[in-house]
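[1] sequence unavailable; structure follows:
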């Protein structure tokens, strides 16, 4: 019952469960969409708030999925709880910010640079800091990433000061003519507001998540990653360069946060501590989805996004995370292997 | 707490109809036998026969799916392992589990502390057991640094310090070269002389033949045969089970 | 063969000597210096308490702020709302800390949460308490509590002038008690069982040790002692609020000295505190008024923590057993080598 092994993308058993969860979610969403108004009426005076929370939660959930997939990938393969995940995301955000502010580059175009940079960072961190201690305990590795996160966050504090920064999309409101109908944004599903930036973040995150999944399942590189996650020694014997796989995997995980960083910059205010919330949430998602379980992270991200926003309606104020933690603790005790469980029995 | 007078009649350990399945795989099926006080009983069988599973059930690592384990007529089935240890069953592990950061002496101390509340007394007893198994020179060394032979002896020492009525030995000779085996076998004989009942799993046939009063043969989780060493080794079904294994290995 | 020195554990002797030496420290320091000394002793105490659970029992807690905060808020609430002495608050806090530790510990052990799951669960519980406190009017939510200033305060009020050596002596007493408890525990039957469970739970159980009972003992002791530190801190700081009491920073500050000094050793946490607190003070003063070539650092917050982060990374890579822990290890290795040579001389194989 303990999570000693993890399969990064899942075995056949896991896929079946994942399909079940996905179908259930899709069906639930479909019902919601088709009956939005009716359901809205049922929830009484809070309906518009609740509806908005659902939409916002769903959209941000996509980003959580992407961030968490990176984290769970790192755990599944390297057995490292990367506590610097959030801090690295903040680096990504500041990089994108600098590019936009200094060169007028479109924030979404900066994704290429940021992803490449974060990938590089990740590989460097793995090679020079984590490789030397790969055989140490889980806690020691966690502490190293913790030290790293403290260092990074405070470095950003020194460099950029605590003053929050933000960017505005010049095309936050607009219209596009698509032949038969006109698409205008911000979008208004059932009266709730879905800004372009958040919607793009959602779509982009899911697209990248899908890409990551395909990479893991369909490419040789992905297979190597899964092999190392499952059995490093066995993988080495069949010729996989395990150390290089570690490097690339960590880099891939951090690349995920890099992408997520670019996607959220347009609608979040940027401070050295912005990544913290994503860090905590990613951990909850990863545990919820099963540590090392990429599909679980995907679904868990959406679930947590919804829980956070809807929970924020129930627990107003600064504590929209409370609902998240309650769910976390419940899930931990009801299904310690995560809602989707370990992939292998 | 039930006492079944009909079947136990003085047996120290009674295994009755023990079955163990792991999600579809049947590791043990309706295994029954008894161990009389002072007896040395060997459990043999081809790989995968269920020997270690049997030990795990007896020692409380997990409960059987069905069946009972009785110690001196008292039902101990499904009790957690620490309760079973306190009841008088000590076990060694095939894959040894030393307390790595503790010294050899302190490893044994842990067991000795079950038998006496006094730290001082427990230390004395632990020291005695350490000497008895021949690890006196390593008494203050960290257990993690011991050789395989040393670790085997440590397993034995810890089990002995528990002063058990029944000793479960899981392949205590495995991984030892012949020169290392003789002293261990001598030790086992000496333990037996001290009145400790033993149930042991072993692949080293010479040891099994020499030490056992009786042998239980397991195959595919079932009891294939029981009897004296001579009876069992001349049982055609047993021979076939072992040879059959060799045959299929040869074909593979 | 070496045997334990006589009947008295040498650690008690070291503690006695240390206690006596520490009695004189306030005579050499003025106000601000005394405050630094108080912090060293306090974090030394907290890290030692953490070490009982993480070092000796092998249960790595990333959420010790939960117990710390419970102690702080117990004292704060009982003092501010009910006018009870902080010492009573401390006892209540210790009970709460132990109970919470036992409860959350039980849930984790019962459901076999280990490794990463266990660590993250401890973190989650601390965060939950923080969020609950933020929203609980009973404890003033985000506003927190302030120590009501009492004229002619006595030791019973646990309130002295800021910078007063009285705080120092109180925390010194608490540190000594914590160390005595730790030494006694590690030397006792329970202590040996706790370590055995850490090294190999299955083997310990097979030797008659009830793992649940002793793990609960370790976490309860750790929780109680940490809570006591929390109560003290409120009195020392004159203020508490949810982020200070239950936030991740305090959890990190509690475990860092133990890691830097050496997890699983008796003196490691205190050594770590003695290294980290002065370092933090040094960097802070450096940032306030830096020498010429470091002028760009002036006034920038975050420099000291940057240093901490880097230090933590460096220690993990180069001295994973901590500063004190590495020394202990080296001594142990050389002793073992001597024994090996002895064995060769005696002809044992």
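    Happy to help now that I have it. Because the structure is a prediction, the values reported are computed rather than measured.
[2] switch to C-alpha atoms for all contacts and neighbour counts from now on
    OK.
[3] show me the helices in the stretch 151-300 of chain A, by range?
    Along the stretch 151-300 of chain A, the stretches classed as helices by DSSP state H, counting those that start in this stretch are A:196-218, A:220-230, A:232-237, A:242-264, A:274-289, A:294-314.
[4] could you dump the ones you listed to JSON lines with distance to chain B?
    Output for the helices of the stretch 151-300 of chain A, formatted as JSON lines (distance: least, C-alpha to the nearest C-alpha, whole Å):
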{"stretch": "helix A:196-218", "distance to chain B": "28"}
{"stretch": "helix A:220-230", "distance to chain B": "22"}
{"stretch": "helix A:232-237", "distance to chain B": "20"}
{"stretch": "helix A:242-264", "distance to chain B": "27"}
{"stretch": "helix A:274-289", "distance to chain B": "23"}
{"stretch": "helix A:294-314", "distance to chain B": "24"}
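[5] would you say residue A:332 is within a strand?
    No. With DSSP: H, G, I helix; E, B strand; the rest coil as the criterion, residue A:332 is located in helix rather than a strand.
[6] tell me, how many residues neighbour it?
    Number of residues near residue A:332 (other C-alpha atoms under 10 Å in any protein chain shown) recorded here: 24.
[7] same question, residue A:127
    With other C-alpha under 10 Å as criterion, residue A:127 counts 17.
[8] do the same with residue A:170
    8.
[9] how about the host helix or strand of residue C:202 and chain B, any contact?
    Assigned by DSSP states H and E, residue C:202 belongs to helix C:201-206. Yes. Legend: contact between helix C:201-206 and chain B by C-alpha under 8 Å from any C-alpha of the partner chain is shown at C:202-206.
[10] the helices of the stretch 151-300 of chain A into CSV, with extra columns for mean pLDDT?
    Converted to CSV, these look like this (pLDDT from 0 to 100):
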stretch, mean pLDDT
helix A:196-218, 92
helix A:220-230, 91
helix A:232-237, 90
helix A:242-264, 94
helix A:274-289, 90
helix A:294-314, 87
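[11] returning to what we had before: kindly provide the whole-number mean pLDDT of the helix holding residue C:202.
    In this model, helix C:201-206 has a mean pLDDT of 95.
[12] per-residue confidence for the residue of the stretch 101-250 of chain B found nearest chain C?
    The nearest approach of the stretch 101-250 of chain B to chain C comes at residue B:111, 5.5 Å away (C-alpha to the nearest C-alpha). Among the per-residue scores, residue B:111 shows a pLDDT of 96.
[13] OK, contacts around it?
    The neighbours of residue B:111, taking C-alpha atoms under 8 Å, 6 or more residues apart in numbering or on different chains as the test, are B:158-159, B:161-162, C:207-208.
[14] return the member of those nearest to residue C:103.
    residue C:208 (23.6 Å; C-alpha to C-alpha).
[15] helix, strand or coil for that closest one?
    Residue C:208 ends up coil, using three-state DSSP.
[16] what about the closest residue to it other than its chain neighbours, which helix or strand?
    In space, and not counting its chain neighbours, residue C:208 is closest to residue B:82: 4.0 Å by C-alpha to C-alpha, 6 or more residues apart in numbering or on different chains. Assigned by DSSP H and E, residue B:82 belongs to helix B:81-87.
[17] do residue A:81 as well
    Using DSSP H and E, residue A:81 falls outside every helix and strand.
[18] next SSE downstream of the helix or strand of chain A with the lowest mean pLDDT?
    When the helices and strands of chain A are scored by mean pLDDT, DSSP states H and E, helix A:36-42 comes last with a mean of 57. Next along the chain after helix A:36-42, taking DSSP H and E as the criterion, comes helix A:47-78.
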